[in-house]
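Trainee: show me how the following folds:
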Amino acid sequence: MHVLVVHNRYASAQPSRENKVVDQEAALLRAAGHRVEVFERRSDDIAARSLPGKAAVPLLVPWNPAVARNSPPGCAPNGRTWCTSTTSSRSCRRRCWPPAPTPACRRRHAAQLHAGLPARHVAAGRPAVHRVRRGGAAARRPARLLPGPRLATVPLAVSLSVNRRRWRSGVERFFCISAAQRDVLVRAGMPAERLAVKHNFVPEPDVRRTGAGEHLLYLGRLAEAKGVRLLMAAWDELAADGGVGVPLVIAGTGPLEREVTAWAAARDDVRCVGLYDTAECQRALARSVAVVAPSTWLEAFGLVVVEAMAAGVPTVAAGHGAFVELVEDGVSGLLHRPGEVASLAACMRRIATEPARNREMGRAARLRYEQGFSPAVGLERLLEEYRTAIAGRSALARGGETRASRGDGDSR
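Mentor: Next comes the predicted model:
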């Protein structure tokens, strides 16, 4: 196959695991012998713009003519290219490109597949998925659904309103990275028959857990929505009751970094280690008793949970969003009641103080990875969905040709 990957690369000052997923998927396809081209824009490029250029960036979110003109000429050799595009509500707010490649590819009869669709709406720091209604609530009431200044949500709201019909008619197949994400989009009015669940895969790690583990690990962005303050409160509760016998390691950066660092510095059972590179992440995972993922918002996936599975490590995760389809409670990890300090503390205590049960969960987590999230499984499912999209586009083209030959359709 000839695959065009369309992606907005997050700013280097704020590393994104979405960038990592896109790179890994492109490498997986190339290793399997497929031709892959990458067409991307970088958020870092905005810094090099002139002041008027920076001011104009929000105006380009609904439609960027330069992107449409510069879509790769390889977009449709002989009319047979299949495009995969990634975006998210967060990257759109950070002024990623708009959907300009969509009609350019459609004119060339390409099937397009989008991954990482928006499914994270937040109101006053809390999940607001219940406000997503048919027709696209984010376009009608953006300031109530998206975090950040009210004015900053306007370009995204306009883009959603202007391009909704184009996305629905010009895209043969949408990839959702979890069933939880798909449910949100169906409720928002997206066509259910074109929404397929294709989980992200995780490469085989260089090292896996062999012993009992040395620490509990939080690996991720230090932000309110990720449950960092909830984690600190639960750890304080555990410490007041004697602790769990292993330290807590916190790896990552983010807006709460100063607060987390100060909290950790005042105690000897917490280590705040900053941002790890890939090799350091793998080593930290392999030395973990368990990984803790206490997000207070509804995660669209949960890459760190699958990375823990690959290392043979169980997870303590919030019992909502995509976590409930990744973690089998009591088998490959534990699910705590979302937002509840006592529930999170109890789960961390249980997973750290029952070594035999922990080992069983670790083995179950590794088996879950092998069956559902390995590169081989990821490639098989990706190609299967590409073929489904291609078949749908081909059937549509044949139908148009038939109508044209009968004189009852537009032959253009």
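
Trainee: residue boundaries of the helices in the stretch 251-400 of the chain?
Mentor: For the stretch 251-400 of the chain, the helices defined by DSSP state H, counting those that start in this stretch cover 257-265, 278-286, 303-310, 323-326, 341-353, 355-372, 375-406.

Trainee: can you say which of those is packed in most?
Mentor: A comparison of the helices of the stretch 251-400 of the chain by mean neighbour count, using mean count of other CB atoms under 10 Å, puts helix 303-310 on top with a mean of 26. (Each C-beta comes from the backbone N, C-alpha and C, glycine too.)

Trainee: tell me what it is packed against?
Mentor: Secondary-structure packing of helix 303-310 (3 or more CB pairs under 8 Å, 6 or more residues apart in numbering; DSSP states H and E): helix 17-31, helix 278-286, strand 288-293, strand 315-318, helix 323-326, helix 355-372.

Trainee: low-confidence ranges in this protein?
Mentor: By pLDDT under 70, the low-scoring segments of the chain are 11-16, 43-49, 53-170, 393-412.

Trainee: OK, contacts around the residue lying closest to Ala180 once chain neighbours are set aside?
Mentor: Closest residue in space to Ala180, ignoring its immediate chain neighbours: Ala322 at 4.6 Å, by CB to CB, 6 or more residues apart in numbering. Taking CB atoms under 8 Å, 6 or more residues apart in numbering as the criterion, Ala322 is in contact with 177-181, 298-302.

Trainee: now Ala322: how far from Leu303?
Mentor: Distance of Ala322 to Leu303, given as CB to CB, to the nearest Å: 10 Å.

Trainee: same question for Glu172.
Mentor: From Glu172 to Leu303 the distance is 26 Å (CB to CB).

Trainee: next: Asn8.
Mentor: Using CB to CB, Asn8 is found at 18 Å from Leu303.

Trainee: I figured Trp297 hits Arg221, correct?
Mentor: No. Trp297 lies out of contact with Arg221 (CB atoms under 8 Å); the separation is 11.5 Å.

Trainee: who has more neighbours, these two?
Mentor: The residue with more neighbours, out of Trp297 and Arg221, is Trp297; 23 against 20, by other CB atoms under 10 Å.

Trainee: neighbours of the nearest residue to the more buried one once chain neighbours are set aside, how many?
Mentor: Of all residues not flanking Trp297 in the chain, Ala225 sits nearest, at 4.4 Å (CB to CB, 6+ apart). If you count neighbours by other CB under 10 Å, Ala225 ends up with 18.

Trainee: now the phi/psi pair for Ala225, please.
Mentor: Dihedral pair for Ala225: phi -70, psi -20, per degrees, to the nearest 10.

Trainee: for Gly302, see how far away the residue lying closest to Leu230 once chain neighbours are set aside is.
Mentor: Residue nearest to Leu230 in three dimensions, not counting chain neighbours: Pro294, with 5.1 Å by CB to CB, 6+ apart. The gap separating Pro294 from Gly302 is 11 Å, by CB to CB.

Trainee: any common contacting residues for the two?
Mentor: Common neighbours of Pro294 and Gly302 (CB under 8 Å, 6+ apart) are Ala317.

Trainee: partner strands of the helix or strand where Asn8 lies, with direction?
Mentor: In this assignment (DSSP states H and E), Asn8 forms part of strand 2-9. Partner strands and pairing direction for strand 2-9 (DSSP bridges) are strand 35-42 (parallel), strand 82-86 (parallel).

Trainee: what angle do it and helix 17-31 make?
Mentor: Counting by axes from the mean of the first three to the mean of the last three CA atoms, to 10 degrees, strand 2-9 lies at 160 degrees to helix 17-31.

Trainee: Thr210: how many residues sit nearby?
Mentor: Residues near Thr210, counting by other CB under 10 Å: 9.

Trainee: leaving out sequence neighbours, find the closest residue to it.
Mentor: Ala286 (7.7 Å).

Trainee: from Val313, how far out is Ala212?
Mentor: In this structure, Ala212 and Val313 are 11 Å apart, going by CB to CB.

Trainee: now His7
Mentor: For His7, the distance to Val313 equals 29 Å [CB to CB].

Trainee: just Tyr276 next, same as before
Mentor: Distance of Tyr276 to Val313, given as CB to CB: 15 Å.

Trainee: neighbour-wise, which of these two wins?
Mentor: Val313 (27 against 16).

Trainee: for the more buried one, which residues are in contact?
Mentor: Residues counted as contacts of Val313 (CB under 8 Å, 6+ apart) are 209, 213, 285-286, 288-291, 362, 365.

Trainee: let's see that with 6 Å instead.
Mentor: Shown in contact with Val313 (CB atoms under 6 Å, 6 or more residues apart in numbering): 209, 285, 288, 291, 362.

Trainee: now the last one, nearest residue through space, not along the chain?
Mentor: The spatially closest residue to Gly362, leaving aside those adjacent along the chain, is Gly312, at 4.6 Å (CB to CB, 6+ apart).

Trainee: do the same with the second one
Mentor: By the measure of CB to CB, 6+ apart, the closest residue to Leu285 outside its immediate chain neighbours is Ala311, 4.3 Å from it.

Trainee: so the one you found sits against Arg209, correct?
Mentor: Yes. At 5.5 Å, Ala311 counts as touching Arg209 under the criterion of CB atoms under 6 Å.

Trainee: what's the overlap in contacts for the two?
Mentor: Ala286.

Trainee: so which of these two has more stuff around it?
Mentor: Neighbours per residue (other CB under 10 Å) separate Ala311 from Arg209, with Ala311 holding more: 26 against 22.

Trainee: what sits against the more buried one?
Mentor: For Ala311, the contacting residues are 205, 208-209, 285-286, by CB under 6 Å, 6+ apart.

Trainee: export the residues you listed as CSV, with columns for distance to Met1.
Mentor: CSV is the format used below for the contacts of Ala311 (distance: CB to CB, whole Å):
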residue, distance to Met1
Pro205, 28
Arg208, 32
Arg209, 36
Leu285, 33
Ala286, 35
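
Trainee: what two of those residues are the furthest from one another?
Mentor: Greatest spatial distance in these: Pro205 and Arg209, 9.7 Å, computed using CB to CB.

Trainee: next, count neighbours for the residue nearest to Gly362.
Mentor: Neighbour count of Gly312, defined by other CB under 10 Å: 23.

Trainee: that one reaches Arg366, doesn't it?
Mentor: Yes. Using CB under 6 Å, Gly312 is in contact with Arg366, at 4.1 Å.
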